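Undergrad: Output the structure for:
(one chain, ligands or ions: 1)
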Amino acid sequence: MQLKTILNRIHKFKSFVYGTIRWVEDAKEPTIEAELRPRANSQPICSECGGKGPGYDRLPIRRFEFIPTWGIKVFFLYAPRRVDCPTCGIRVERMPWSKGKYRLTETYAWFLAGWARRLSWKEVAEAFHTTWDHVFCSVEMAVTWGREHRDLSGIAAIGIDEIQWQRGHKYLTLVYQIDAGCRRLLWIGKKRKVKTLLGFFRWLGKERTRKLDYICSDMWKPYLRVIAKKAGHAIHILDRFHIMAKLSKAIDKVRAQEARELKEKGYDPVLTKSRWLLLKRPENLTEKQETKLADLLQYNLKSIKSYLLKEEFQLFWSYKSPYWAGQFLDKWCTKTMRSKIEPMKDIARSLRKHRPLLLNWFRAKGQFSSGIVEGFNNKAKLTTRKAYGFRTYHAAEIALYHALGALPVPKVAHEFF
Ligand SMILES: [Zn+2]
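TA: Residues are numbered from 1 along each chain as shown. Take a look at the predicted model:
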């Protein structure tokens, strides 16, 4: 069987045929070149409008990289025709294996983008003897295509989250679809301001915004304001993940401050190395940690009081009726306000202020478990962390859509794995 036969089986074109296929003798790496030429009497197609026109002239031969095979690099060689288009003037013809100025064939770009979902971009570049830039362009192409072709109908529930990226306090706002049947990253915006989220609703459009039933978010004020203004009809839920994260943060603050005070007063450093004890759920503690926690609990410390308040608050989520959950919340807030622990009092104040939104969790019957947004949050952090190569916002954006967007890919006649 000849190489040409194989190529025709897996990668055939309507208006182009394979010509000579040869081994390149003086290449650095084993290389095969396959010539392409237009089918006899075929007219070139204008790359701009897609219309046919008479040929004008031919450009020099260009090389387009195809998927390597058996450790051999494969290139297509083709001298593009220029078409005298009645609408656009003289333009380069459309070539079905390549788009725009890319030096990779589209098939190869999809192949690399597929691997870039499983490996880091650097690893993909190494594995296929190509460059980071080629991998990036491939992923960018896949993301652009996927975003253009994704189905945005039926979005009823969204979750709004933010992650820190790069160093310092730089944030990205991420909006996820969290419907039971379809969970994916929908949109990314810079920072976490009013303007950011307004950008999301502008992108979503009025029609689709009207169809939103549930919106989950944290208590970040700019988000609350925009949601109330743009989607007041939807049930707005303050989600469990973000609230418990806030409580953990408060405990951390109390503990750090108290540890410092104790040290200054010359007491035993009982609180050092206790950070994880106080942040973990009791059921996740090791035996040794359990013993240490039991020791700690004997001290009448603010950190311990805060810890117990947080553990008590877990009960809140187990209620079924919004009414009784509300009663519990009120009692918990009163108790916490009497604790004289400022960071905890701050939390109680803001929970009180957002009481109706908190109780919406029960109106939605807990169907949007904290796990969904939390899971996405972890993956998003991992993606941006893995990507220290991303110096630009654009690259981070592309990586996040690629990893979390559940974007569609085109159907092809032959799967290249
Ligand atoms: Zn044209």
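Undergrad: now the helices: where do they sit in the stretch 151-300 of the chain?
TA: Shown for the stretch 151-300 of the chain, the helices assigned by DSSP state H, counting those that start in this stretch span residues 194-204, 206-210, 221-230, 240-264, 275-279, 287-296.
Undergrad: need these in a markdown table with distance to Ala27, mean neighbour count and mean pLDDT, can you?
TA: C-beta: built from backbone N, CA, C; applies to glycine. Conversion of the helices of the stretch 151-300 of the chain to a markdown table gives the following (distance: least, Cβ to Cβ, whole Å; neighbours: other Cβ atoms under 10 Å; pLDDT from 0 to 100):
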| stretch | distance to Ala27 | mean neighbour count | mean pLDDT |
| --- | --- | --- | --- |
| helix 194-204 | 47 | 18 | 96 |
| helix 206-210 | 52 | 12 | 95 |
| helix 221-230 | 55 | 16 | 92 |
| helix 240-264 | 54 | 18 | 87 |
| helix 275-279 | 56 | 16 | 72 |
| helix 287-296 | 60 | 12 | 77 |
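Undergrad: which stretches of the stretch 101-250 of the chain form strands?
TA: Secondary structure of the stretch 101-250 of the chain (DSSP state E, counting those that start in this stretch): strands at 157-164, 171-179, 182-190, 214-217, 235-238.
Undergrad: out of the helices of the stretch 151-300 of the chain, which comes closest to Arg183?
TA: helix 240-264 (14.4 Å; Cβ to Cβ).
Undergrad: Contacts for the closest one next, please.
TA: Residues outside helix 240-264 that contact it (Cβ atoms under 8 Å, 6 or more residues apart in numbering): 161, 217-219, 268-272, 274-275, 278-279, 301-303, 306-307, 310, 313-314, 317, 341, 343-344, 346-347, 351, 358, 361, 369-371, 373-374, 377.
Undergrad: do that again at 6 Å, thanks
TA: Here helix 240-264 makes contact (Cβ atoms under 6 Å, 6 or more residues apart in numbering) with 218, 271, 278-279, 302-303, 306-307, 310, 317, 341, 343-344, 347, 370, 373-374.
Undergrad: residues of stretch 401-417 that come out buried?
TA: Tyr401, His402, Ala403, Leu404, Gly405, Leu407 (16 or more other Cβ atoms under 10 Å).
Undergrad: Next: stretch 14-33.
TA: Buried residues in stretch 14-33 (16+ other Cβ under 10 Å): Phe16, Tyr18, Ile21, Thr31, Ile32, Glu33.
Undergrad: Which residue comes closest to the first one once chain neighbours are left out?
TA: For Phe16, the nearest residue in space outside its immediate sequence neighbours is Leu36; the separation is 5.2 Å by Cβ to Cβ, 6 or more residues apart in numbering.
Undergrad: So for the helix or strand where that neighbour lies, mean pLDDT?
TA: Leu36 belongs to strand 31-38 when assigned by DSSP states H and E. Here strand 31-38 scores 96 as its mean pLDDT.
Undergrad: end to end, how far does stretch 142-160 reach?
TA: The first residue of stretch 142-160 is 24 Å away from its last residue (Cα to Cα, to the nearest Å).
Undergrad: let me fix that: stretch 78-89
TA: 22 Å.
Undergrad: what separates it from the chain centre, distance-wise?
TA: 40 Å (Cα atoms, centre = their mean, to the nearest Å).
Undergrad: Please apply the same query to stretch 244-260.
TA: Relative to the mean C-alpha coordinate of its chain, stretch 244-260 is positioned 29 Å out (Cα atoms, centre = their mean).
Undergrad: same question, stretch 27-41
TA: On Cα atoms, centre = their mean, the centre of stretch 27-41 falls 38 Å from the chain's centre.
Undergrad: How about Ser321: what's its closest non-neighbour residue?
TA: In this structure, Ser321 finds its nearest non-sequential neighbour in Phe362, 6.7 Å apart by Cβ to Cβ, 6+ apart.
Undergrad: ok, and for the helix or strand containing the one you found, which residues are buried?
TA: Assigned by DSSP H and E, Phe362 falls within helix 355-363. Judged by neighbour count using 16+ other Cβ under 10 Å, the buried positions of helix 355-363 are Leu357, Leu358, Leu359, Asn360, Trp361, Phe362.
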